[in-house]
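Novice: Take a look and give me a structure for this.
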Amino acid sequence: MKNVRVEDFDFNLPEELIAQTPLANRSDSRLMVLDKETGAVSHEVFKNIASYLQPGDCLVLNDTKVMPARLYGIKADTGAKVEVLLLKQEEGDKWETLVKPAKRIKAGTELAFGDGRLTAVCVEEREHGGRILEFSYEGIFYEVLDELGEMPLPPYIKEQLEERDRYQTVFAKERGSAAAPTAGLHFTEELLEELRNMGVHTAFLTLHVGLGTFRPVSVDSVEEHEMHAEFYRLSEGTARLIQQVKEEGGRIISVGTTSTRTLETIARDHQGRIEAASGWTDIFIYPGFKFQAIDGMITNFHLPKSTLIMLVSALAGKEHIMAAYKEAVEQKYRFFSFGDAMLIK
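Specialist: This next block holds a predicted model:
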């Protein structure tokens with residue numbers, strides 16, 4: 001599908017529907033169930049999702065763990081305040097970061113965090129506020145980061161997070177993400193156990209969420225937008241399980257856009273098969289995309305004109321998604337990272 005316009009994915013989202021805090025219980029969030037063939041919508045509670053899954057289905061979840069990747073510090077020479085978001089480790093102690101205010105951070109600028117417990121020097125300037133910083137510290141970097149860093153909540157969320165763990169999934173394991181794979185936040189250990197007991201498989205892959213999540217689409221035509229590459233990994237055993245489920249006629253239901261992008265990258269690169277793989281993906285999924293890996297997905301409600309609403313529109317059809325989103329606004333569903341969920345089946 002050519003000439004897909006960013007404007008086509010706009011809708012009116014009242015600001016009060018952007019969830020600012022997580023619910024007390026993860027699985028108490030609402031669940032909209034959307035039939036991708038007919039566009040029919042029904043309303044549920046997330047903890048009842050088992051009603052829509054069958055023995056032999058496979059849920060694919062992203063086990064990335066969010067780093068406390070936001071640092072507040074000062075410029076060593078002037079004492080001016082600076083904010084740094086760690087995106088990915090380049091090599092050794094060099095990290096790709098987003099810096100604010102970027103225009104004041106030139107190559108050679110020195111920064112200090114936590115009374116000098118952590119220092120950094122800018123070694124390279126990149127576009128869109130990107131900077132390569134080389135850090136210096138004593139001890140273990142991640143331990144220093146745990147003490148000094150904050151959870152990198154998206155800019156739409158203004159409230160402080162009371163408990164760090166609420167911006168992690170209960171199955172988070174592989175440290176390295178700049179944002180949570182938020183569709184997974186609705187699951188509790190008990191709910192996952194209930195699904196396994198009824199014969200639903202759970203499979204875990206890793207995709208570390210990076211700059212693409214924070215970057216708005218700044219072009220008019222969707223084809224011109226470039227996604228930022230993110231690191232993914234799928235193990236041998238997990239790939240075998242997913243491929244077996246496919247061959248036996250079970251449904252592959254990805255939990256979140258990150259799991260979707262990983263699986264579709266792998267299927268694209270392996271003639272439609274799911275095989276063990278790792279690497280960097282900049283796959284951009286929008287209407288016209290031919291899915292090879294997944295049959296359905298669980299996802300949150302996304303912001304207007306975002307790459308994420310384009311992805312779900314590719315799976316369920318733009319008309320169905322826009323109609324469902326209109327209903328979600330009317331029914332006052334909660335949007336974005338701490339919001340409610342949608343099952344596209």
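Novice: Pretty sure residue 98 sits against residue 71.
Specialist: No: taking contacts as CB atoms under 8 Å, residue 98 lies outside contact range of residue 71: 11.0 Å. To be clear about C-beta, it is placed using only N, CA and C from the backbone, and glycine gets the same treatment.
Novice: Tell me, what's the model's pLDDT at residue 94?
Specialist: At residue 94, the pLDDT value in this model is 94.
Novice: what's near enough to touch it?
Specialist: By CB atoms under 8 Å, 6 or more residues apart in numbering, the residues touching residue 94 are 123, 132, 133, 134, 135.
Novice: Just these: which are in strands?
Specialist: 123, 132, 133, 134, 135 (DSSP state E).
Novice: out of those residues, who has the most neighbours?
Specialist: Within the ones in strands among the contacts of residue 94, most neighbours by other CB atoms under 10 Å means residue 133, with 24 neighbours.
Novice: Quick check: the residue nearest to it when sequence neighbours are not counted vs residue 255, distance?
Specialist: Excluding the flanking residues, the one nearest residue 133 by CB to CB, 6 or more residues apart in numbering is residue 120, at 4.2 Å. To residue 255, residue 120 is 35 Å away according to CB to CB, to the nearest Å.
Novice: next helix or strand past the helix or strand where residue 90 lies?
Specialist: Using DSSP states H and E, residue 90 falls within strand 81-91. Per DSSP H and E, the first helix or strand lying C-terminal to strand 81-91 is strand 94-100.
Novice: sorry, back to before: I figured the residue nearest to residue 133 was touching residue 131, is that so?
Specialist: No: between residue 120 and residue 131 there is no contact under CB under 8 Å: 9.2 Å.
Novice: And those two? Which one has more around it.
Specialist: Set side by side, residue 120 and residue 131 show more neighbours around residue 120, with 28 against 23, by other CB under 10 Å.
Novice: part of a helix, is that one?
Specialist: No: using DSSP: H, G, I helix; E, B strand; the rest coil, the secondary structure at residue 120 is strand, not a helix.
Novice: who's in contact with it?
Specialist: Residues in contact with residue 120 (CB under 8 Å, 6+ apart) are 73, 84, 110, 111, 112, 113, 133, 134, 135, 136.
Novice: Now with 6 Å, please.
Specialist: Residue 120 makes contact with 111, 133, 135, according to CB atoms under 6 Å, 6 or more residues apart in numbering.
Novice: Spatially nearest residue to the residue positioned nearest the centre of the chain, not counting backbone neighbours?
Specialist: Centroid-nearest residue in the chain, with CA atoms, centre = their mean: residue 181, separated by 3.8 Å. Distance criterion CB to CB, 6+ apart; nearest residue to residue 181, sequence neighbours excluded, is residue 62 at 4.0 Å.
Novice: how about the CA coordinates for stretch 11-28, as CSV?
Specialist: What follows is stretch 11-28, C-alpha atoms only, in CSV (Å, rounded to 0.1, in the frame of the first residue of the first chain):
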residue,chain,number,x,y,z
PHE,A,11,-7.8,10.9,16.2
ASN,A,12,-9.0,13.1,19.1
LEU,A,13,-7.5,11.8,22.4
PRO,A,14,-8.5,13.8,25.4
GLU,A,15,-5.5,14.3,27.6
GLU,A,16,-7.2,12.9,30.7
LEU,A,17,-7.4,9.5,29.0
ILE,A,18,-3.6,9.1,29.1
ALA,A,19,-3.1,7.0,32.2
GLN,A,20,-0.8,8.6,34.6
THR,A,21,-0.4,5.8,37.1
PRO,A,22,-0.7,2.0,37.1
LEU,A,23,-3.8,0.3,38.6
ALA,A,24,-3.4,-1.3,42.0
ASN,A,25,-3.7,-4.7,40.5
ARG,A,26,-2.1,-5.3,37.1
SER,A,27,-4.8,-7.6,35.6
ASP,A,28,-7.7,-5.4,36.7
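Novice: how much space between residue 209 and residue 289?
Specialist: 20 Å.
Novice: where along the stretch 101-250 of the chain do the strands fall?
Specialist: Applying DSSP state E, counting those that start in this stretch to the stretch 101-250 of the chain gives strands spanning 110-113, 118-125, 130-137, 174-177, 201-207, 230-234.
Novice: Go through those and name the closest to residue 344.
Specialist: strand 201-207 (18.2 Å; CB to CB).
Novice: helices and strands around that closest one, which ones?
Specialist: strand 58-62, strand 230-234, helix 236-247, helix 257-269 (3 or more CB pairs under 6 Å, 6 or more residues apart in numbering; DSSP states H and E).
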